[in-house]
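>>> below are the sequence and a predicted model for it; my questions follow.
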Amino acid sequence: MLAFRTSGLLMAATVASIGFATMAAAPARAPVLAALGLLEPGQWQLTEQSNAPSRLTQRICVGDAAALLQVRHAGASCLRYVIENEAKHGTVHYTCPGAGHGRTTIRVETPRLVRIDSQGIADNAPFEFVLEGRRIGPCPTGMARH
């Protein structure tokens, strides 16, 4: 049996005794960025990095660091494709059927400090932002986890 990845699916080919190959598609496991494993779960403050007089700030409870890859499409069911996967940084392209798509690069400075660059389409409009993410402590009781 041969196995290879194509378009996010794990394909298995079995060569029959008469020489024909049959293909069976099985879902591939969700791609994981090595850098995300360095981050601590808890409450994170995301601050927009811009020259605007007032920077937007958002606080989220991060249980799974992969939530930081889709800040603009939080909670959406998206397919992710890993473009770059290094120890302290990585890039993912994601597609959310009916909701848009994006490309996010994440750079881990420390387990409690991260830089997130993201751009794409959401709500039929383009977006682009750079965020600084800082872990500020444990998640407060009752705060929804992402």
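Alright, I've got the coordinates. Residues are numbered from 1 along each chain as shown.
>>> going forward, measure contacts and count neighbours with C-alpha atoms only.
Will do.
>>> this protein: strands as residue ranges?
For the chain, strands defined by DSSP state E occupy the ranges 2-6, 9-15, 21-27, 42-48, 57-62, 79-85, 89-96, 100-110, 113-122, 125-137.
>>> same for the fifth one, what does it pack against?
Meaning strand 57-62. Using 3 or more C-alpha pairs under 8 Å, 6 or more residues apart in numbering; DSSP states H and E, the elements in contact with strand 57-62 are strand 42-48.
>>> excluding chain neighbours, what is closest to Ser77?
Computed as C-alpha to C-alpha, 6 or more residues apart in numbering, the closest residue to Ser77 that is not its neighbour in sequence is Cys96, at 6.0 Å.
>>> turn the strands of the chain into JSON lines, including distance to Leu69 and mean pLDDT.
Converted to JSON lines, the strands of the chain look like this (distance: least, C-alpha to C-alpha, whole Å; pLDDT from 0 to 100):
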{"stretch": "strand 2-6", "distance to Leu69": "22", "mean pLDDT": "35"}
{"stretch": "strand 9-15", "distance to Leu69": "20", "mean pLDDT": "35"}
{"stretch": "strand 21-27", "distance to Leu69": "21", "mean pLDDT": "36"}
{"stretch": "strand 42-48", "distance to Leu69": "12", "mean pLDDT": "95"}
{"stretch": "strand 57-62", "distance to Leu69": "11", "mean pLDDT": "92"}
{"stretch": "strand 79-85", "distance to Leu69": "9", "mean pLDDT": "95"}
{"stretch": "strand 89-96", "distance to Leu69": "7", "mean pLDDT": "96"}
{"stretch": "strand 100-110", "distance to Leu69": "6", "mean pLDDT": "97"}
{"stretch": "strand 113-122", "distance to Leu69": "8", "mean pLDDT": "97"}
{"stretch": "strand 125-137", "distance to Leu69": "11", "mean pLDDT": "96"}
